[in-house]
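Student: I'd like to go over a predicted model; first the sequence, then the structure.
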Amino acid sequence: MGAKSKAGSRRFANYPRLNPLGIGRDISAADLIDQTFMAYNGGRLREAAQLISKKMLPKNGTVGLTLTGALTPAGLGKSCLIPMMKAGFIDWIVSTGANLYHDLHYGLDMKLYAGSPFLDDLELREQSVIRIYDVLFDYDVLLDTDAFVRRVISGPEFQKPMGSDEFHFLLGKYVHERGRKLKLKDSSVLATACECGIPIFTSSPGDSSIGMNVAAMALRDSGLTIDPNRDVNQTAAIVYDAKVRGLASSVFILGGGSPKNFILQTEPQIQEVMGIEESGHDYFLQITDARPDTGGLSGATPAEAVSWGKVDPDTLPDCVVAYVDTTVALPLLTAYLLTRNRPRKAKRLYDRRDKLLGKLSARYLDTGTVTKTKTGRKVAKRTSAKQ
């Protein structure tokens, strides 16, 4: 090899050669991703899979998941989320209320159908058919789900203020019991979360049919209210506990929206508001179709999050954003992780919720202040970054 060839090789020393294998008949989803997803958003999806598999899941770190968009109506709760939850790959969740409401349909064994996005919606309205793009179901599915929620939250254990994690745990308990009577197996995210001790938060409790039913019951003198202050502090407590114990805190963001901000704001809550020195989440992975140039939070990159203290600048080069439809990406990632990683022991963070909050509260009351406070802001040790 001549001097020019050697110099050329050195220029690409940090990059693998782009030389994929031909796809065979029996290739697994994990091998397909590793061997053929080489560039563009296929390459980002490969990086996403390897980030979760090799860095987010090992070393007993804490993984928080966000759910945005109509994922559970499309069946992704049963096909992807529940298998990952039962494998110990998800430790806590922030979801839109809508995803949890539609999860109830599956947990109550109601029927949803694969339809078409090109139907006449006036005719569907006349036929009492509800459409979520190409997912169809009868209007009675909504009415029966609403009735179930109202009946459950009329119970005595709901007659108090509570965080959304406690609310979802109690609701999941009833869904689990209904599923047992119906002889269903692994049909509901809420029921599985209750079974596995995985706390589920909703950043906007009133912005869903579950919240609408809670509000309606308030007019009947229900004592149930969802306490957003508890949620803000409880989520921060989960992150704080992981970081003070030297464990990684990872965020796995499906979509964007309010759940994305809610899971990321845990670090500013710790640093900016409570005045506790911290470095940010260790790993950031987002599956999204949102553009960064419109200024919205949904499309904001992990690099931008560094400026807020949401992401550790030292791990920014490991962060990944894949611009892929979640309904395409999530089944592939689920298959990859279940192939490449052994199940982890469930952390059962819900069972420790009071202890975790007590630890953060004690630290804040000991060192925090109500006046202006300024903690040190970490500067990256490394200068190169993907985002």
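Tutor: It's in.
Student: neighbours around the residue lying closest to Phe158 once chain neighbours are set aside, how many?
Tutor: Residue nearest to Phe158 in three dimensions, not counting chain neighbours: Leu224, with 4.8 Å by CB to CB, 6 or more residues apart in numbering. In this view, the C-beta of every residue, glycine as well, is placed from N, C-alpha and C. Neighbouring residues of Leu224 were enumerated by other CB atoms under 10 Å; the total is 19.
Student: My guess is Leu224 contacts Gln159. True?
Tutor: Yes - here Leu224 reaches Gln159: they are 6.3 Å apart, a contact under CB atoms under 8 Å.
Student: pLDDT below threshold where in the protein?
Tutor: Residues of the chain that meet the criterion pLDDT under 70 lie in 1-8, 375-387.
Student: does Val324 sit in a helix, a strand or a coil?
Tutor: Secondary structure, DSSP: H, G, I helix; E, B strand; the rest coil: Val324 is coil.
Student: so it makes contact with Leu45?
Tutor: Yes - counting by CB under 8 Å, Val324 does reach Leu45; the two are 5.8 Å apart.
Student: So if I had to pick from these two, which one is more boxed in?
Tutor: Between Val324 and Leu45, counted using other CB under 10 Å, Leu45 has the larger neighbour count: 22 against 19.
Student: That one sits in which helix or strand?
Tutor: Using DSSP states H and E, Leu45 maps to helix 40-51.
Student: Partner strands of the helix or strand that that helix is followed by, with direction?
Tutor: Next along the chain after helix 40-51, taking DSSP H and E as the criterion, comes strand 62-67. Under the criterion DSSP bridges, strand 62-67 sits next to strand 92-95 (parallel), strand 249-254 (parallel) in its sheet.
Student: which stretch among the ones you listed comes nearest Pro302?
Tutor: The closest of the strands paired with strand 62-67 to Pro302 is strand 249-254. By CB to CB, the value is 9.3 Å.
Student: Show residues contacting the very next helix or strand once past the closest one.
Tutor: Proceeding N to C from strand 249-254, the next assigned helix or strand is helix 257-264, under DSSP H and E. By CB atoms under 8 Å, 6 or more residues apart in numbering, the residues outside helix 257-264 that reach it are 64, 66-68, 94-96, 201, 203-204, 207, 231, 235, 251, 253, 281, 286, 297-298, 305, 308, 310-311.
Student: Now the buried members of these.
Tutor: Buried members of the contacts of helix 257-264, scored by 16 or more other CB atoms under 10 Å, are 64, 66-68, 94-96, 201, 203-204, 231, 235, 251, 253, 281, 286, 298, 305, 310-311.
Student: hang on, the earlier thing: packing partners of the helix holding Leu45?
Tutor: Where contact means 3 or more CB pairs under 8 Å, 6 or more residues apart in numbering; DSSP states H and E, helix 40-51 is packed against helix 29-36, strand 283-287, strand 320-322, helix 326-340.
Student: distance between that helix and the chain's centre?
Tutor: The chain centre lies 18 Å from the centre of helix 40-51; the measure is CA atoms, centre = their mean, to the nearest Å.
Student: Need the residues that contact that helix.
Tutor: With CB under 8 Å, 6+ apart as the contact definition, helix 40-51 has outside contacts at 30, 33-34, 36-38, 283, 285, 287, 318-324, 329, 332-333, 336-337, 340.
Student: what's the spacing between the residue nearest to Phe158 and Lys243?
Tutor: Separation of Leu224 from Lys243 (CB to CB, to the nearest Å) stands at 33 Å.
Student: ditto for Gly64
Tutor: Between Gly64 and Lys243 the computed distance is 13 Å (CB to CB).
Student: So for those two, which residues contact both of them?
Tutor: By CB under 8 Å, 6+ apart, the residues touching both Gly64 and Lys243 are Ser249.
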